[in-house]
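In: Following is a predicted model, sequence given first.
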Amino acid sequence: MIIVLLGAPGSGKGTVAKLFTEVVNIEHISTGDIFREEIENGTEIGKKLEKTMVRGSLVPDEIVIEAIEQRLKRPSAQNGVVLDGFPRTTKQAEYLKEMLSKQGKKIDMAIQLKISDEDIIDRTIERRICSNKKCGAIYNLKYNKPRQEGICDKCGSSLIRREDDNIETIQRRIKTYHTRSEPVIKYFENEGLLYNVDLKAEDKVTKNDIKRWIKEIKN
Ligand SMILES: [Zn+2]
């Protein structure tokens, strides 16, 4: 199963992706995580990424595609993947389709998490994440509080606020997202793969939701 997750930063793609890995046992591929990993490991791709990031420019399609292609070839990705943060441009989407068809595979669905800008802001400024990278639990001080303040329920590590979870950065990210994502959303709509999920700030996606989406899409 190959799933593409679409949604503005703060729409909850990370959480939904994690649920998919649990419900259908597929791998979560996040471009954010990949980029961080490649940079940390000092790979060739990592070096290229670092250069573009220092300049503050967008990562070119070629570099993103190269990084994703490598991930898709891994044995752990053979049962399926949920893509988070990719494709971000129509060119990337077309390339993904081509890359998959060479392997006799195809995208099963592109799920768009739709949530208003106000709700995203509301969500993001209250977000806290587990400092233990292996755990990755995400909380919200308003809608999804940890049992003990500042401590992860799952692993007991401390909770932290992401540096870029402040209002100016969020607003800028949302704006950029809308401008850039429109053609990609249109692309998936034309391909007959788009599935919209309307969410409010307090909505919590569950495993049952994931099961229902999969069913609805298969019909
Ligand atoms: Zn944790």
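Out: Right, received. Where do you want to start? None of the values given here were measured: they were computed from a predicted structure. Residues are numbered from 1 along each chain as shown.
In: Next, work out how far apart D122 and L6 are.
Out: For D122, the distance to L6 (C-beta to C-beta, to the nearest Å) stands at 20 Å. Where C-beta positions appear, they are placed from N, C-alpha and C, glycine not excepted.
In: cool, R147 as well?
Out: Per C-beta to C-beta, R147 is found 32 Å from L6.
In: Same drill for these two, tell me which one is more crowded.
Out: Shown here are R147 and L6; by other C-beta atoms under 10 Å, L6 has more neighbours (25 against 7).
In: mind listing what the more buried one touches?
Out: With contact set as C-beta atoms under 8 Å, 6 or more residues apart in numbering, L6 has these partners: K13, A110, I111, Q112, L113, S181, V184, I185, F188.
In: from those residues, which is closest to the ion?
Out: K13 (18.9 Å; C-beta to the ion).
In: Centroid-nearest residue for the chain?
Out: Compute the mean C-alpha point of the chain, and by C-alpha atoms, centre = their mean the closest residue is D84, 2.8 Å away.
In: Please tell me how far that one sits from Q148.
Out: D84 is 29 Å from Q148, by C-beta to C-beta.
In: hmm, back to that, out of the contacts of L6, list just those in strands.
Out: Counting by DSSP state E, the part of the contacts of L6 found in strands is A110, I111, Q112, L113.
In: Tabulate the residues you listed in TSV, adding columns for neighbour count and distance to I29.
Out: Converted to TSV, the ones in strands among the contacts of L6 look like this (neighbours: other C-beta atoms under 10 Å; distance: C-beta to C-beta, whole Å):
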residue	neighbour count	distance to I29
A110	25	14
I111	26	15
Q112	22	18
L113	21	17
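In: In the lowest-mean-pLDDT helix or strand in the chain, which residues are buried?
Out: Lowest on mean pLDDT, DSSP states H and E among the helices and strands of the chain sits helix 44-55, with a mean of 85. In terms of neighbour count (16 or more other C-beta atoms under 10 Å), helix 44-55 has its buried residues at I45, G46, K48, L49.
In: Find the residue closest to the first one in space, skipping its chain neighbours.
Out: When you say that, I think you mean I45. Once flanking residues are discounted, I45 sits nearest to E38: 4.6 Å by C-beta to C-beta, 6 or more residues apart in numbering.
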